[in-house]
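>>> Following is a predicted model, sequence given first.
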Amino acid sequence: MVPGPAALAVPGLTAPGAARDFGRWQTRTSQCSWQRAPSRLRQPCRGLRLEQNLEGFLNVRFLADGQGESIALEQLVFAGALESNQGAMRCSGDGSCTPQWPARLVVATVADASFDPRGLAMGLPRTHLASGHCALERRRVVCEARGQRGAIWIAEAEL
């Protein structure tokens, strides 16, 4: 006998659309830039997006206008786990969130991606295992991480 849907229910999971504390928040920045060391060139950015897809985990996404005609948008993403007993955002059922300041993120990966003028990804995002942190405060967000091969990423935004 094949079990029905009720027999396949997983304790602790809610029905689609009923999830809380999952979603995103985005804002424009007054000052924003990122740097990939060893280069000393700082990439200006224009926005910041926080994404909470799993409880206790957060993506901090810095958004920049693309350089050149073929690239419309560039992103640098720091992803990881919130330090214990911290909740970065409170989200409603529609996925809109409000950050809970301050928060601290322990970075596990850094990724960058580029998008064409139609919004299509230009290749796969380049993802790197990394260790570092992000400090999220009401008026400022700063992220720093170091990759396994010595690469360093630093990004900061004034809100």
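Okay, I see it.
>>> where in this structure is pLDDT low?
For the chain, the stretches with pLDDT under 70 are 1-20.
>>> at 50 instead, please
1-18 (pLDDT under 50).
>>> which residue is nearest the centroid of this structure?
residue 59 (2.2 Å; C-alpha atoms, centre = their mean).
>>> Beta-bridge partners for that one, please?
residue 51, residue 79 (DSSP bridges).
>>> Residue 97 now?
residue 91.
>>> wait, isn't it in contact with residue 87?
No: counting by C-beta atoms under 8 Å, residue 87 is not a contact partner of residue 97; they are 10.5 Å apart. In this view, the C-beta of every residue, glycine as well, is placed from N, C-alpha and C.
>>> if we can go back for a sec, any idea how far the residue nearest to the centre of the chain is from residue 134?
10 Å (C-beta to C-beta, to the nearest Å).
>>> Between the two, which contacts overlap?
residue 78 (C-beta atoms under 8 Å, 6 or more residues apart in numbering).
>>> what about the helices in this protein?
Counting by DSSP state H, the chain has no helices to list.
>>> Give the full set of residues in contact with residue 37.
151, 152, 153, 154 are the contacts of residue 37 under C-beta under 8 Å, 6+ apart.
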